[in-house]
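Trainee: got a sequence here, can you model it:
(one chain, ligands or ions: 3)
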Amino acid sequence: MTAMKENYIARRLEANGVVQGVGFRPFVYQLANRYSIKGEIANTSSGVSLHIEGIKADIDQFCRDFSEKCPPLAHITDITIRPAPFEKCQEFLIAKSKGKQFRTTLISPDVAVCEDCLQELFDQDDRRYKYPFINCTNCGPRYTIIDDIPYDRPNTSMKHFNMCEMCQSEYNDPANRRFHAQPNACRSCGPYVTLYDSRKNRIETDDPIKQTGMLIKEGYILAIKGLGGYHLVVDAENDAAVRRLRERKHREEKPFAVMSYDLDHVKKYADVSSEEKALLFSFQRPIVLLKKKEPNPLSNEVAPKNRYFGVMLPYTPLHYILLNQDFCALVMTSGNISEEPIAIDNGEAFERLSGIADYYLVHNRDIYLRSDDSIVRMTAGSNRYIRRSRGYVPLPIFLKKTVPQVLACGAELKNTVCLTKEKNAFLSQHIGDLENLETYSFFKMTIEHMKRILDIDPVIVACDLHPDYLSTEYAKSLAGIQLIQVQHHHAHIVSCMAENRIDGPVIGLSFDGTGYGTDGNIWGGEVIIAEKNTFFRAAALSYVPMPGSATAIKEPWRMAVSYLYDAFGPAFDDLDIPMLKAMEQSKIETIIQMITKKINSPNTSSIGRLFDGVAAILGIRNNVNFEGQAAMELEMLAAEESADVYDYEWIEEDMFKVPTAPIIKGVVCDVEMGIEPAIISSKFHMTIIRLFSDLCGLIREKKGLSRVALSGGVFQNSLLLTGLKKILEDNQFKVFTHSCVPANDGGIALGQAIIAAANLTHS
Ligand code: ZN
Ligand code: ZN
Ligand code: FE
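Mentor: Numbering: from 1, shown residues only. Ligands and ions are numbered 1, 2, ... in the order given. The predicted model follows:
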């Protein structure tokens, strides 16, 4: 007996991280019972605190399981275990969380329905058979239904539903997997779905979801309320239906995402690698870009002129029930018109989607915060976010150092905002393009919402340098808070540094479409030496005029004329380029007038525009329907490999200036010789890769820097990212890329926040 007494120990275990609303306490309760451990678990402001007593071997095993076997949604950032005095506990208890003391900043994102719940969902004997809102502590809505903290039912949109006796007893039982599952519900006490026609007449049916499936099969457009907002849904195999959706949504060519029941269905139209499979099945269930199979059964209208499909697996029980009706794939696109925010409210949906949807599948669990589907592509060995939203938000980016509380307002397009606290940077869900009133009010609402649920009161506000951005205007309007304006490309590079947890200086390659430069010109093909608080330009493309300013973004042929004029002067008219020949002469004349007389033609060093211009010269397209379309098609067109490059050069002044003329001349020469656009595209990509790796080599010699960070929307180009990363690594550079936040403007708020924080501590 004495031997046993000596073996009996007491410990205090503290764990920080995401541990609320993720099934953590039932997990610990069951673990304690398994190893006959007595004591208590309580929530703290940053995680959980445990007092545990038991036999040493059991305690050791308990502590090991605690970190290794914790629930899939829990994210423990650190654990400390210390000796503690005995309290002679008789059992293991879960202490009640109460008051402000237990407000934690880490809230779980929304989580796809789990395996256990799915089993019940399709079990005819289960009381939740085909109940579209089944969930448990391991799955279900979180971020989108929370209005305030702590994460308890009265602070969620589930407050309108009183649990029935059976649900309540599950909720109260620490051994049940629905213990404290805040959205817990069943058919007799929880939310339900209703089907309406476009005139808001309720459709009488026993099974609204089955009826919805039948309507989709008949070719109708359905608006379906989901987790983070409404989707517009059609059968992806039905050409006419997909085309009608494009017409009504005013979305001409931008690819639509699709959803399939399982992997077998996905494989009918796309290739799936093992990494992509893991991503598809992850609890975040993002849209994953997958290589198309050719031929494939889906309509050509789903993703025209694209080598990829955006594919996701079902993530709510409702999706599973709907897709389980023998669909190869359904188009599931955000319920909005073009770039407006996704609709979430039932009344709002009827109003804003009228004229698009034929029927509405609605439910009565409110969405408090809209959240679009996330989009990810596997490139160069990592996840690359194109949009980081549902499933990932509001999990923070974990920073290297503690920072003050900052609000960063992001850029104009693909806007997200960022709030920081301690070692966490909370990047918001995708907000969208801040050019209409709806998006702007969503932007303001998201900021207020996040401040509340994350308990953050910023001391600094950061925004872009661009004077005309709505986000800049908003930041300037805030009183009593220090304002720091951040250069766009500096913010891109620092966002990459922050997610990689490195400090400067680094060589930053910041490649994108547009960003306001410190000299008032439009930058975008920049090599900067960046630190967190400051930067300077080391190299950039030489300026060319952007005839018509923003119009030149929508009409890449204008950029083509500008680059050609820059390379060949007035004589460019004689060139044998089919795209020029097909153009009305007077239109070209107007552009030349604008360039020579400097009318509405700001200077740009943007590499995104160069890609656009080359795409137009190759005859890929003269006008675009969405930002980056021409550049994207140029990438998709490229032949697999090319060792060949065009001539390039630079001029060394205060920095390296890279004229585009030699590259344009090379491209034109190939066009005149009738070389295939696929070969030219590939050669052009290789030219950019070699050019910038050479420049990095020169900068390394001069500055002794060998770390390179790659950021900016142009790095969504997989050919460029993969090629540049490889050549730099072959040349012994250490290369940092994005795998936590988007390389595009959706990640820029993170960089803004870190730069603002660095400037505060340095002043
Ligand atoms: Zn579940
Ligand atoms: Zn119930
Ligand atoms: Fe940008």
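
Trainee: list the contacts of the nearest residue to I203 once chain neighbours are set aside.
Mentor: Excluding the flanking residues, the one nearest I203 by CB to CB, 6 or more residues apart in numbering is L195, at 4.3 Å. Using the backbone N, CA and C atoms, a C-beta is placed for each residue, glycine as well. Residues near L195 by CB atoms under 8 Å, 6 or more residues apart in numbering: 202-203, 205, 208, 211-212, 359-362.

Trainee: quick check: beta-bridge partners of L195?
Mentor: L361 (DSSP bridges).

Trainee: same question for S334.
Mentor: H231.

Trainee: what about it, how many residues nearby?
Mentor: S334 has 26 neighbouring residues, counting by other CB atoms under 10 Å.

Trainee: from ligand 1, how far out is it?
Mentor: In this view, S334 and ligand 1 are 26 Å apart by CB to the ion, to the nearest Å.

Trainee: look at that residue and report its pLDDT.
Mentor: pLDDT for S334: 91.

Trainee: for the residue of the stretch 201-350 of the chain found nearest ligand 2, what are its contacts?
Mentor: Relative to ligand 2, the nearest point of the stretch 201-350 of the chain is P317 (14.7 Å; CB to the ion). P317 makes contact with 113, 117-118, 121, 131-135, according to CB under 8 Å, 6+ apart.

Trainee: which one of those sits in the busiest neighbourhood?
Mentor: I134 leads the contacts of P317 on contacts (other CB under 10 Å) with 30 neighbours.

Trainee: test for you: state the pLDDT assigned to that one.
Mentor: pLDDT, I134: 98.

Trainee: what about it, which SS state?
Mentor: coil (DSSP: H, G, I helix; E, B strand; the rest coil).

Trainee: contacting residues for it?
Mentor: 113, 117, 120-121, 128, 317.

Trainee: farthest-apart pair in those residues, please.
Mentor: Farthest pair in these (CB to CB) is V113 and R128. Separation: 11.3 Å.

Trainee: now do the shared contacts for those two.
Mentor: 121, 134.

Trainee: sorry, back to before: as a markdown table, the contacts of P317 with distance to ligand 3 would be great.
Mentor: A markdown table is the format used below for these (distance: CB to the ion, whole Å):
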| residue | distance to ligand 3 |
| --- | --- |
| V113 | 36 |
| C117 | 40 |
| L118 | 40 |
| L121 | 43 |
| Y131 | 44 |
| P132 | 40 |
| F133 | 39 |
| I134 | 41 |
| N135 | 38 |
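
Trainee: and ligand 1, which of the residues you listed reach it?
Mentor: Subset of the contacts of P317 in contact with ligand 1: C117, counting by CB under 5 Å from the ion.

Trainee: can you pick out the most distant pair from the contacts of P317?
Mentor: The span of those, defined through CB to CB, is set by L118 and F133 at 13.4 Å.

Trainee: what is the burial count for A343?
Mentor: If we define neighbours as other CB under 10 Å, then A343 has 27 of them.

Trainee: using the three-state scheme, assign it.
Mentor: Going by three-state DSSP: A343 is coil.

Trainee: test my guess that it contacts G226.
Mentor: No. In terms of CB atoms under 8 Å, A343 does not count as a neighbour of G226; the distance is 10.6 Å.

Trainee: contacts only, for the residue in the stretch 451-600 of the chain that ligand 2 sits nearest to.
Mentor: Residue nearest to ligand 2 within the stretch 451-600 of the chain: I453 (26.4 Å; CB to the ion). By CB under 8 Å, 6+ apart, the residues touching I453 are 107, 146-149, 394.

Trainee: ok, the residue of the stretch 451-600 of the chain found nearest ligand 3 to C418 distance?
Mentor: Of all residues in the stretch 451-600 of the chain, D512 sits closest to ligand 3, at 3.6 Å by CB to the ion. Separation of D512 from C418 (CB to CB, to the nearest Å): 18 Å.

Trainee: can you give the strand pairings for the helix or strand hosting D512, parallel or anti for each?
Mentor: For D512, the host element (DSSP states H and E) is strand 506-516. Strand 506-516 has the following sheet partners, assigned by DSSP bridges: strand 522-530 (antiparallel), strand 707-711 (parallel).

Trainee: all set now, cheers.
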